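[1] what follows is a predicted structure for the sequence shown.
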Amino acid sequence: MSIWRKLILLALVGVMFATAFCTAEGMKDEATAAPTAQAAESPATLALDTQTLNQASQSFVDLAKKAMPAVVFINVEKTISGGGMMGFRTPFGQGDPFRDFFERFGVPEGDRIQRGQGSGFVISHDGYIVTNNHVVDGATKIQVELLDEHKFEAELVGTDPKTDIALLKIKEPQNLPALALGDSDELQIGEWVMAIGNPFGLSHTVTAGIVSAKGRVIGAGPYDDFIQTDASINPGNSGGPLINTRGEVIGINTLINASGQGIGFAIPSNMASEIIEQLKTEGSVTRGWLGVLIQPVTEELADALEIEDATGALVSQVMDDSPAQDAGFKRYDLIRKFDGQDVESSNDLPRVVAATPVDKKVDVEVIRDGKPVTLTVKIGKLDDDTTVASATEPREELGLALRDLPAEMAKTLKVDPGHGALVVKVAHGSAAADAGVREGDAILEVNRKPVTSAADVVTVLKKLDKGQSALLLIGRSDGSFLTTLTR
């Protein structure tokens, strides 16, 4: 929907409310007045309040004029090795009859230059620019262009792939116009916003819409907390600002839903500001580390664990030599509060832990076996490579084909030899498939009791009545999790 259509619709809605109110008041006055001769009724007319429309339109005009000079067009170049023979693109394509000749006699293939575009915005008069990491990732040359077509070479100060944020610096700044970061926590669903960027190379394109939702988790990374907007965002908008009606940046436009229309996502400014400050001073981002693997509490898990209130983050694994292990965390702990902040779901905990300073001691409130417990933990530093954790015939039950867990796999999963059951097959559409169990998983516990063999698992599952569930602890190479299997 275009900005004009949105503005006209908004004005019409306002006029309709005003008209309805005035009509109601008029009917009230007529009911109390003395009877008079009935006048001929004329058709009702609805006049568009042009003054309201002009004021709304002018506010967007002023906002665009203020913000556009601080938005930049980013051009990048990347060197791709082995891009084609001698740097050429052969006219014969993959069926080139001369390719074998060049390869046989060792004629080297030349590198090629790949070019890309994106958006960004200036956050300080001395030339710091924010954009997305995926816009500049691997770039050997970065050039930014302002609204007045002045071009500058830019250097990469630092990036954070986990949140897709990058910080650039113009080498020779000249008192550049800049945008201020606003408070994204104060943003309201339904609030008007403006997106500025360079979609498909169309420099400084302005679109407008509303905030459709907040706190979206879309599987883009471990710290998802996106703002959703229907302001038009397209390829090339990445890294551009999402601006509120006060002219403050409240989001960094990052992703679109390619299968839908009017579904774009922006990184909240409050998350970005913490990252930007670290990139500016350190060139990289340091995050806190707790050392637990967590998962949501489903209704089935809540029933199996006898949890009345399913809010919080459920601990499925405590990592060895981690701050959580030192503090006494246990599997099945339900984390409800971290350093005074409520943990409503498993999506909340990674963000608050990551934002906690290394070596800070914090209190964590958990529910353990139905009772509240407070643990004090000294937060560690998250490393980039830190993980978030026999030949018998298979036995089958509820769509699972199981064997005893091989010793080498038990060692990988840090399970004592002679424990666990290996899932060798999951029947399509079975109860096991619905529970999220996959081939190659290891069943380590059933109903909170350790498993010593595949027979242990089958014995428990066979005893389930229709509608009953068993609580399974599943081990994988990247950690463990809990699920319920229902007959």
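    Yep, it's here. Numbers count the residues shown, from 1 in each chain.
[2] where do the strands sit along the stretch 101-250 of the chain?
    Using DSSP state E, counting those that start in this stretch, the strands found in the stretch 101-250 of the chain span residues 109-122, 128-131, 141-145, 151-160, 165-170, 192-197, 205-216, 226-229, 241-244, 249-256.
[3] of those, which stretch is the most buried?
    strand 241-244 (a mean of 28; mean count of other Cβ atoms under 10 Å). All C-beta atoms are positioned from the backbone trio N, CA, C, and that covers glycine.
[4] how far does it sit from the chain's center?
    Its chain's C-alpha centre and that of strand 241-244 lie 18 Å apart, by Cα atoms, centre = their mean, to the nearest Å.
[5] got the CA coordinates for that strand in PDB?
    Extracted in PDB, the C-alpha atoms of strand 241-244 (Å, rounded to 0.1, in the frame of the first residue of the first chain):
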ATOM      1  CA  PRO A 241      17.300   2.600   9.200                       C
ATOM      2  CA  LEU A 242      13.700   2.100  10.400                       C
ATOM      3  CA  ILE A 243      12.700   5.500  11.800                       C
ATOM      4  CA  ASN A 244       9.900   6.500  14.200                       C
END
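[6] which residues does Ile74 bridge with?
    Beta-bridge pairing for Ile74 (DSSP bridges): Gly118, Val144.
[7] burial measure for it, as a count.
    28 (other Cβ atoms under 10 Å).
[8] pull the contacting residues for it.
    Contacts for Ile74 (Cβ atoms under 8 Å, 6 or more residues apart in numbering) come out as 117-120, 131, 135-136, 142-145, 154, 168, 198, 239.
[9] again, but for Leu168
    Taking Cβ under 8 Å, 6+ apart, we find Leu168 in contact with 74, 120, 128-131, 136, 142, 144, 154-157.
[10] surely Gly380 and Trp289 touch.
    Yes - using Cβ atoms under 8 Å, Gly380 is in contact with Trp289, at 4.3 Å.
[11] surely Ala213 and Ile189 touch.
    Yes - if you go by Cβ under 8 Å, Ala213 and Ile189 touch, sitting 6.3 Å apart.
[12] report the central residue of the chain.
    Taking Cα atoms, centre = their mean, the centroid of the chain lies closest to Asp224, which sits 2.7 Å from it.
[13] quick check: closest non-adjacent residue to that one.
    Take Asp224 and drop its neighbours on the chain: the residue closest to it by Cβ to Cβ, 6 or more residues apart in numbering is Val217, 4.3 Å away.
[14] ok, Ile170 next?
    Nearest one to Ile170, counting by Cβ to Cβ, 6+ apart, is Gly127 at 3.5 Å.
[15] count of neighbours near the one you found?
    A total of 21 residues lie near Gly127 under the criterion other Cβ under 10 Å.
[16] test my guess that it contacts Pro177.
    No - under the criterion of Cβ under 8 Å, Gly127 is not in contact with Pro177, lying 11.1 Å apart.
[17] coming back round to it: who wins for proximity to Lys411 among the strands of the stretch 101-250 of the chain?
    When the strands of the stretch 101-250 of the chain are ranked by proximity to Lys411, the top entry is strand 151-160, at 34.7 Å, counting by Cβ to Cβ.
[18] hang on, Leu473 in a strand?
    Yes - residue state for Leu473 (DSSP: H, G, I helix; E, B strand; the rest coil) corresponds to a strand.
[19] now do it, the pLDDT please.
    Confidence at Leu473, expressed as pLDDT, is 91.
[20] give me the nearest residue to it, chain neighbours excluded.
    Once flanking residues are discounted, Leu473 sits nearest to Glu445: 3.7 Å by Cβ to Cβ, 6+ apart.
[21] residues in contact with that neighbour?
    Applying Cβ under 8 Å, 6+ apart, we find Glu445 in contact with 451, 471-473.
[22] returning to what we had before: do you know which of the strands of the stretch 101-250 of the chain lies nearest Lys371?
    Closest among the strands of the stretch 101-250 of the chain, using Cβ to Cβ: strand 205-216, at 30.2 Å.
[23] tell me the strands beside the closest one, with direction?
    Going by DSSP bridges, the partners of strand 205-216 are strand 192-197 (antiparallel), strand 226-229 (antiparallel).
[24] need the ones you listed in a markdown table with mean pLDDT, can you?
    Below are the strands paired with strand 205-216 laid out as a markdown table (pLDDT from 0 to 100):
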| stretch | mean pLDDT |
| --- | --- |
| strand 192-197 | 95 |
| strand 226-229 | 95 |
